[in-house]
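Asks: Sequence first, predicted coordinates after that:
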Amino acid sequence: MSPEASYAILAATGALASALNVVAGGGSFLTLPVLIFLGLPPNVANATNRVGVLLQNVAGVWGFHRARVMGWDSLLWAGLPATIGAAGGTWLALSVSDEGFRRLLSLLMVAVTLWTLLARVEPAPDTERRASPLPMAGAFLLVGVYGGFVQAGVGFFILAVTTHAGIDLIRGNAIKVLCVLVLTTLSLAIFAAYGRVDWPSGLALGAGSLIGGLLGVRLTVRKGERWVRGVVTAAVVLFAIKLWFG
């Protein structure tokens with residue numbers, strides 16, 4: 001396959017995956033296998049995928065800010081602990097072999113899909129008033145470790161935390177893209193310092209991701225929470241079917 005064809009595939013995949021990531025999560029379950037299929041070693045694919053994730057969340061944060069639903073205070077109780085956790089997760093990813101990462105990725109894809117199928121997504125009444133900053137920060141620290149290690153599916157975990165706190169899915173998605181933006185910035189910088197990023201592939205992925213990120217915000221804000229909840233459920237089911245049948 002020519003480089004031009006590979007980059008076109010990556011741009012198209014990035015647009016689809018980033019729209020899904022902004023609306024729900026799990027887009028990296030599409031981009032990581034495509035990057036590996038196109039010839040990147042698993043660890044390089046894991047690092048390169050962050051270029052697309054970074055750009056899609058730049059678009060997502062800008063879009064949610066324009067829609068006036070961005071909670072910038074979440075940088076303190078969500079973004080900061082998630083970024084600290086991401087540093088540890090990224091160092092862990094750097095220490096795993098390509099074969100080990102491939103096996104861990106396959107296990108994580110199954111585990112995350114099963115978890116999202118079984119997890120409750122309905123917020124408990126009045127939990128937002130009772131949510132304590134310390135447990136929330138602890139939860140986002142763990143989310144950051146996972147996001148720094150593999151990224152794929154981290155959006156589902158963030159939405160689980162925000163939903164448990166009583167935050168609706170539209171505001172939760174805004175918090176999600178802001179949180180992922182800051183943790184990915186640090187993670188990508190560490191991977192790049194170790195020469196793990198294939199920049200041409202990452203930028204091709206990122207070009208599509210910018211478009212998909214803006215589309216995802218538009219769909220989230222215009223369609224509303226009920227529609228987003230349906231997309232979350234559909235995404236989880238589709239990923240489960242894809243994993244089951246390979």
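Replies: Structure received.
Asks: Would you check that my belief about Val177 contacting Asn57 is correct?
Replies: Yes. Using CB atoms under 8 Å, Val177 is in contact with Asn57, at 4.7 Å. For every residue, glycine as well, the C-beta is placed using N, CA and C.
Asks: Spit out the residues that contact these two alike.
Replies: Listed as contacting both Val177 and Asn57 by CB atoms under 8 Å, 6 or more residues apart in numbering are 22, 213.
Asks: check contacts around Val96.
Replies: Counted by CB under 8 Å, 6+ apart, Val96 has contacts 43, 104.
Asks: Same check on Ile36?
Replies: Residues near Ile36 by CB under 8 Å, 6+ apart: 42, 45, 102.
Asks: quick one: the closest residue to Leu108 other than its chain neighbours from Ala17, how far?
Replies: Leaving out its chain neighbours, the residue that sits closest to Leu108 by CB to CB, 6 or more residues apart in numbering is Val150, at 5.9 Å. In this view, Val150 and Ala17 are 15 Å apart by CB to CB, to the nearest Å.
Asks: out of these two, which sits in the busier spot?
Replies: Neighbour comparison, Val150 and Ala17: the larger count goes to Ala17, with 29 against 22 (by other CB atoms under 10 Å).
Asks: Please, which helix or strand holds that one?
Replies: helix 3-23 (DSSP states H and E).
Asks: Mind listing what's buried along whatever helix or strand comes next after that helix?
Replies: Going down the chain from helix 3-23, the next helix or strand is helix 28-37, by DSSP H and E. For helix 28-37, the buried set under the neighbour-count rule, 16 or more other CB atoms under 10 Å, comprises 28-36.
Asks: Now find how far off-centre helix 28-37 is within its chain.
Replies: 13 Å (CA atoms, centre = their mean, to the nearest Å).
Asks: And the next helix or strand past it?
Replies: From helix 28-37, the next helix or strand downstream (DSSP H and E) is helix 42-66.
Asks: what's the angle between that next one and helix 28-37?
Replies: With axes from the mean of the first three to the mean of the last three CA atoms, to 10 degrees applied, the angle from helix 42-66 to helix 28-37 works out at 140 degrees.
Asks: Would you mind pulling the contact partners of the very next helix or strand once past helix 42-66?
Replies: Going down the chain from helix 42-66, the next helix or strand is helix 74, by DSSP H and E. With contact meaning CB under 8 Å, 6+ apart, helix 74 is reached by 175, 178-179.
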